Structures are given as structure tokens and as C-alpha cells.
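Engineer: Output the structure for:
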Amino acid sequence: MKRSITKRSFLAVAASASLVLAACGSDDEPAEESVTTEAEAPAEETEEEAPAEEEAMEEEAMEEEAPAEEEAMEEEAMEEEAMNEGWPEKIVFTLTPSQETGGLIETAQPLADLLAAELGVEVEALVPSDYAGVIVALQSGQAQVAGGLGPSQMVQAADTAGANLILQAVRFGDSQYVTQWFTNNPDEFCDDTPVADEDGMLFCNGVDQATGPTDGPIGADKLSLIAGKTVSFVDQGSTSGYLIPSLGLLEAGVDPLDDIESLFAGGHDSSVQAVYDGDAEVGVSFNDARGGVAETVPDVGEKVVVFGWSSPIPNDGFAVAGDLPEDLQTAIADAFTAIAATEDGAALLDELYEIDGLVPVPDGSYDIIRNLETELADLLS
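Structural biologist: Got it, this is the predicted structure:
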């Protein structure tokens, strides 16, 4: 502590005697002496004693506070240790390969590192080769956390792997999305001239007027034209990339197994690329996956035209193994929410799955998917 030191000054007064002769006085009459004694000086010295006493009291108070702070820190450390009791030293974070696996891994590990920093536990990223591998990893105990799980995977994670669903993705302010249908042959699938949005992406059949997922379905009357075509799907385990489109085709009178030629691209961006390259005339993906390939093929929005939307689908999300300690499950959910609120975390989530935010999973959110799978099984049997 820095002390404030005041210089002490002493007033030295010399006593002198002056003999003043009065006009009419006598030499024997003594003059009055003006003498200031040192007895008056201590008043100034007393004023200097107060700051010194205050400083001593402050130092004493600080010395008393130090042990209290140390005790508080020790208690906090003990609470943290107690909270982490039973936590594994390492957890594996598996992610759905909804885009090219190589690029996904490069982004996944930095996200895993942010999760590790929040939890104080080592986190390793794992990206299987297909959608089914994510559920297998959860079910077998090879992974304890899963992200980017499509709606169907969320149901599988809960129903077959015993996982708990903790978070749901938000995009464009909505926790729902749609399957989009697109083609490189707009003359056959568009009733009107395609219209470009602000990003130069073309839409027809009124899709450009849609304000959100609840505006779907759009262009469902065009699905019957797909019979005999080659269709680019994402993965057989993808909700928006196969299950929802298959139901749409069945309802339009087109058997997704016998009436079309199916191509499974492996990722939403790859499905767009397949139609762009001419490997398929029609394709499906989430909306709007064309943005994922615009950097490498800038004219994708002109050559691949969206002509239809499905009904709303609950967004993808995150799940944790059900056998993890409950406090760790809560900590993981809180950690992802905190990460999504940071600049670096938001950038990684956007790069991985174009996620804008994360919210707790609403009760019954994925019941529609359970019903879908039952309906599909009945239609295909």
C-alpha cells in the first residue's frame, strides 16, 4: 500500500527584546516582550498522526480479509471438485457428416476444444463416415456427446441409444426447417419464370414468397413429374434429405424405391453439387444448402433452381449419453449455449451446420418424426 507522507515544518521563533522609549517615559520602564514558545507547535504535529493511524487500521483490515478470501477460494475449488466427481477424464464428441467429412473434421475439433475449455475435461471430435455411424457411436459408448443430429437421428438417439436430447438448433430465428426440391431443368418443374433473391439464388412456383417453414408445402403438385428421373438424395438416415422427400413422393404416387433412380450424395452440399454437375436432374436438401457450395461454384444459384418446399420439420440438435452424470449433462448443455453466444463459437457452429443459436428441446418436438417413420413403413410395406 502506498503511503502519503506530509512534511512536518517547525516554526522557530527567536525571542527578542526591544527597549522602546516612550515620548515621555523613563529609561527604567521595561518594554513588553513578544515571545512565541515551542509549546504552541504540537498542534500541527497532532494533525499528522491521524493518517498514520488510518493507514495502520487499513493494513490490519486487509490482513484480516486475506484469510477470508483464501477460504472462499478453497471452498469454491472444493465445490468444483465435488461437482466434477464421477466425470470422465475424456469424452468423445461425434458429429453428423452432413457435409464433406474432411472439412467437417477441421471445424469439429476447434468446437470440441471450446467445449473442453468450458468443462475442464478433454474432448475429442469424431466424424463417422455416415449418419448411422453417429448413432452406433452413441449406442456403443464410443461417444458421449453428439451434434448436428437430424430429426430422425434425434429420435434414434433417444429411442435406440438411450441418449437425452438437450438442445435444438435455431436458423433464421426458427427452430423448424424444410426439405427443398431443386432442379437443373426449370422448364419442366417451374410454372413461372424463376426469380432471384438478394443472393442471386433462383426460385420458382412461389417459393421466393415464403417467409418461413410454416409456409410449406409448396410445389407439391410437381412431384409427380419426378417419376423416371434420377434424384439426388443425401443419406438414407437423413430426415430432410431422404425420409420427408420419400413421403412426399409416395403421396404424389411415385414409389421412391421403384419409380426413380436414387443417388445418395452423402451430404446436403454434395446433393446440390450432383444436380449442378448434371449427375441428377432433381435433388433435395435442407433450405438453402446451395449457399454451402456457392464459394466453389458461384453460379450454383442460377443453374440449380428451387421449385418446392416440404411441410415444416423440427430442426436438428444435440444429445448426450444417458449414462453420464446428470450434472455433467447439464454442464454440457450450458457449455454449448455459452459457446454459441461467443464470436468464435458462433462462427464455428455456422461453419459446421449454419446454426444461428441453440435452445432447449421442446417437449414432444420430435413426435412428428416418430409418426413419419411409422407412416413411411406402412406405405413401403
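Engineer: which SS state does the residue nearest to L115 when sequence neighbours are not counted fall under?
Structural biologist: Once flanking residues are discounted, L115 sits nearest to V123: 4.8 Å by CB to CB, 6 or more residues apart in numbering. Any C-beta I mention is one placed from the backbone N, CA and C, and that applies to glycine too. The three-state assignment at V123 reads strand, by DSSP: H, G, I helix; E, B strand; the rest coil.
Engineer: So for stretch 272-286, first residue to last residue, what's the gap.
Structural biologist: End-to-end distance for stretch 272-286, by CA to CA, to the nearest Å: 10 Å.
Engineer: Over to stretch 249-260?
Structural biologist: Note: stretch 249-260 ends 10 Å apart using CA to CA.
Engineer: contact partners of that stretch?
Structural biologist: Applying CB atoms under 8 Å, 6 or more residues apart in numbering, the contact partners of stretch 249-260 are 220-221, 223-224, 226-231, 245-246, 262, 376, 379-380.
Engineer: Run through who's touching stretch 207-214.
Structural biologist: Outside of stretch 207-214, the residues within contact range by CB under 8 Å, 6+ apart are 172, 174, 176-178, 180, 195, 197, 215-216, 218-219, 287, 306-309, 312-313.
Engineer: chain center to stretch 106-124, what's the gap?
Structural biologist: Computed by CA atoms, centre = their mean, to the nearest Å, the chain-centroid distance of stretch 106-124 equals 13 Å.
Engineer: Can I get it in CSV, CA atoms only?
Structural biologist: Only the C-alpha atoms of stretch 106-124 are listed here, as CSV (Å, rounded to 0.1, in the frame of the first residue of the first chain):
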residue,chain,number,x,y,z
GLU,A,106,-11.3,-29.4,-39.4
THR,A,107,-14.1,-27.4,-37.9
ALA,A,108,-15.3,-30.0,-35.4
GLN,A,109,-12.1,-30.2,-33.3
PRO,A,110,-11.9,-26.5,-32.6
LEU,A,111,-15.5,-26.7,-31.4
ALA,A,112,-14.5,-29.7,-29.3
ASP,A,113,-11.7,-27.6,-27.8
LEU,A,114,-14.1,-24.9,-26.8
LEU,A,115,-16.3,-27.5,-25.1
ALA,A,116,-13.2,-28.8,-23.3
ALA,A,117,-12.3,-25.4,-22.1
GLU,A,118,-15.9,-24.9,-20.7
LEU,A,119,-16.0,-28.3,-19.0
GLY,A,120,-12.4,-28.7,-17.9
VAL,A,121,-12.4,-32.2,-19.5
GLU,A,122,-10.6,-33.4,-22.6
VAL,A,123,-12.9,-33.6,-25.6
GLU,A,124,-12.1,-35.4,-28.9
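Engineer: which of the residues in it are buried?
Structural biologist: Within stretch 106-124, the residues that count as buried by 16 or more other CB atoms under 10 Å are 107-112, 114-116, 118-119, 121, 123.
Engineer: Quick check: the farthest pair among these?
Structural biologist: Largest separation among the buried residues of stretch 106-124 by CB to CB: T107 and V121, giving 20.3 Å.
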